[in-house]
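*Asks:* My questions are about this predicted structure, shown below with the sequence.
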Amino acid sequence: MSEATKLRWGILGAARINERMLPAIAEAPNAELIAIASRREGAALETLQRYAPNLNHVNTALTPEQILSHEEIDAVYIPLANHEHAEWTLKAIAHKKHVLCEKPLALTATDIKAITQAAQAQQVTVMEGFMYRFHPQYARVQALLASGVIGEVRSVRASYSFMMRPQRLYRLADSVTRGGGATWDIGCYAVHSARGCFTQPALSVTALSHTVESGADDVSYAIIDFGNGCFAQIDYSFARARRCEYEIIGTQGGITCHTVWQLPGDVPVISWWTEEGRQCVEKLPYSNHFRLQIEQFSAAVLARQAPLLSLTDALDNCRVLEALLKAAATGSSVPIQYD
């Protein structure tokens, strides 16, 4: 692996996210797509022809199980249903495959601990797929925080939403216990981006949710306590106009990241201000954070280095999400348990 220049990939499923991920793997200079599989007949070929029609060498006749046993595949991307992520990540690890799993990596902290132990035993790299963390605008926000220009962070507001379209109703078909609903789909972004603004861990969470008949939440609000008077307010919804932003307020000013989910053609914009009257709007060059995620993960595996996002980060994010769902169900503040 250390002498290889490209990480050889397989995709375990023909999910809609391949609209962004499949071209990202195809375009990354240090990645090569070997195969894409699906349990739906013809779906893998259709997905390849739709999103990367120039890749004629990619095998679309394999099953997910065959991809895991394929000797020429080094790493797999898992875009399956949320409740299947942990199961298939563990299966991939057992076959000594590196894994980039779409968020959420798992629905319980217990499963993430099992994944961590298995990955260490098999000496493979596993990462949860939060693509926004690879965009240069995230690094710029972190640089502004580190500069002290807004002082010490005191609060964060993260807001994520979009109107649910009929073709996406499958996201509400299962209860939250099986990975359905807004919390596991977009709430994980809200928690993750809020956590990234604080240096200290979250202590407890209070939440409210509106659930549909299946037991999935379509709207949720939460307050996360980070201690010492520091809080994050997060909201996310399948029943509201598109929103994907977070705002950080410190002792001396504030920063807003206006568009976290960058679409093709979006201009990244960050604005910040200080109490002394400084006002700044920064426009960054366009970047494809899906491709950057593939490039950086592939580079880390090829160099035998740790990826940008650790399994400890995945575990801590899951702990907050589990507490949030419990808080919404019980109507009480729930402490976040750390081992």
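*Replies:* Yes, it's here.

*Asks:* mind giving me the domain split of the protein?
*Replies:* Structural domains assigned to the chain are 7-131, 133-290+319-335, following automatic domain parsing.

*Asks:* Rounded mean pLDDT for stretch 205-221, please.
*Replies:* Here stretch 205-221 scores 97 as its mean pLDDT.

*Asks:* How about exporting that stretch as PDB, limited to the C-alpha atoms?
*Replies:* In PDB, the C-alpha atoms belonging to stretch 205-221 read as follows (Å, rounded to 0.1, in the frame of the first residue of the first chain):
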ATOM      1  CA  VAL A 205     -28.800  18.300  26.100                       C
ATOM      2  CA  THR A 206     -32.400  19.400  26.300                       C
ATOM      3  CA  ALA A 207     -34.600  18.800  23.200                       C
ATOM      4  CA  LEU A 208     -38.100  19.000  21.600                       C
ATOM      5  CA  SER A 209     -39.200  17.000  18.600                       C
ATOM      6  CA  HIS A 210     -42.200  16.600  16.400                       C
ATOM      7  CA  THR A 211     -42.600  13.000  15.200                       C
ATOM      8  CA  VAL A 212     -44.700  11.400  12.500                       C
ATOM      9  CA  GLU A 213     -46.600   8.200  12.600                       C
ATOM     10  CA  SER A 214     -43.500   6.000  12.000                       C
ATOM     11  CA  GLY A 215     -41.800   7.400  15.000                       C
ATOM     12  CA  ALA A 216     -39.400   9.500  12.900                       C
ATOM     13  CA  ASP A 217     -38.800  13.200  13.800                       C
ATOM     14  CA  ASP A 218     -39.400  15.700  11.100                       C
ATOM     15  CA  VAL A 219     -38.600  18.800  13.200                       C
ATOM     16  CA  SER A 220     -36.300  19.100  16.300                       C
ATOM     17  CA  TYR A 221     -34.800  21.800  18.500                       C
END
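
*Asks:* For Ala300, find the nearest of the domains of the chain.
*Replies:* If you check each of those against Ala300 by CB to CB, domain 7-131 wins as the nearest, at 6.5 Å. The way it works is simple: take the backbone N, C-alpha and C, and place the C-beta from them, glycine included.

*Asks:* Kindly check the end-to-end length of the closest one for me.
*Replies:* Domain 7-131 stretches 18 Å from its first residue to its last (CA to CA, to the nearest Å).

*Asks:* and that domain, how far from the chain's centre?
*Replies:* Relative to the mean C-alpha coordinate of its chain, domain 7-131 is positioned 14 Å out (CA atoms, centre = their mean, to the nearest Å).

*Asks:* returning to what we had before: can you put the domains of the chain in CSV and add distance to Thr312 and mean neighbour count?
*Replies:* Formatted as CSV, those follow (distance: least, CB to CB, whole Å; neighbours: other CB atoms under 10 Å):
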stretch, distance to Thr312, mean neighbour count
domain 7-131, 8, 20
domain 133-290+319-335, 11, 18
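
*Asks:* can you list those in JSON lines and add distance to Gln305?
*Replies:* Below are these laid out as JSON lines (distance: least, CB to CB, whole Å):
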{"stretch": "domain 7-131", "distance to Gln305": "9"}
{"stretch": "domain 133-290+319-335", "distance to Gln305": "15"}
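
*Asks:* Select, out of these, the one closest to Val301.
*Replies:* Go through those one by one with CB to CB and the one that ends up closest to Val301 is domain 7-131, at 5.1 Å.

*Asks:* For the closest one, give the mean pLDDT please.
*Replies:* For domain 7-131, the mean pLDDT works out to 96.

*Asks:* How about stretch 240-253?
*Replies:* What stretch 240-253 shows for mean pLDDT is 97.

*Asks:* hmm, who's touching that stretch?
*Replies:* Residues from elsewhere that reach stretch 240-253 (CB atoms under 8 Å, 6 or more residues apart in numbering): 141, 145, 148-163, 189-190, 193-194, 197, 219, 254-261, 272-276, 278.

*Asks:* just stretch 67-75 next, same as before
*Replies:* Stretch 67-75 has contacts (CB under 8 Å, 6+ apart) with 1, 4, 7-12, 34-35, 37, 62, 76, 91-92, 95, 97-100, 125, 297-298, 301.

*Asks:* try stretch 219-234
*Replies:* Residues contacting stretch 219-234 (CB under 8 Å, 6+ apart): 153-160, 182-183, 187, 190-191, 194-195, 197-198, 200-210, 235-240, 320, 324, 327-328, 333.

*Asks:* Distance from the chain centre to it, please.
*Replies:* Its chain's average C-alpha position is 20 Å from that of stretch 219-234, according to CA atoms, centre = their mean.

*Asks:* Which members of the contacts of stretch 67-75 are positioned in strands?
*Replies:* Assigned to strands by DSSP state E, the following of those qualify: 7-12, 34-35, 37, 76, 98-100.

*Asks:* how about JSON lines for those residues, with distance to Ile223 added?
*Replies:* Converted to JSON lines, these look like this (distance: CB to CB, whole Å):
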{"residue": "Leu7", "distance to Ile223": "41"}
{"residue": "Arg8", "distance to Ile223": "45"}
{"residue": "Trp9", "distance to Ile223": "40"}
{"residue": "Gly10", "distance to Ile223": "41"}
{"residue": "Ile11", "distance to Ile223": "38"}
{"residue": "Leu12", "distance to Ile223": "36"}
{"residue": "Ile34", "distance to Ile223": "46"}
{"residue": "Ala35", "distance to Ile223": "45"}
{"residue": "Ala37", "distance to Ile223": "42"}
{"residue": "Val76", "distance to Ile223": "37"}
{"residue": "His98", "distance to Ile223": "37"}
{"residue": "Val99", "distance to Ile223": "33"}
{"residue": "Leu100", "distance to Ile223": "32"}
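
*Asks:* Appreciated, that's everything.
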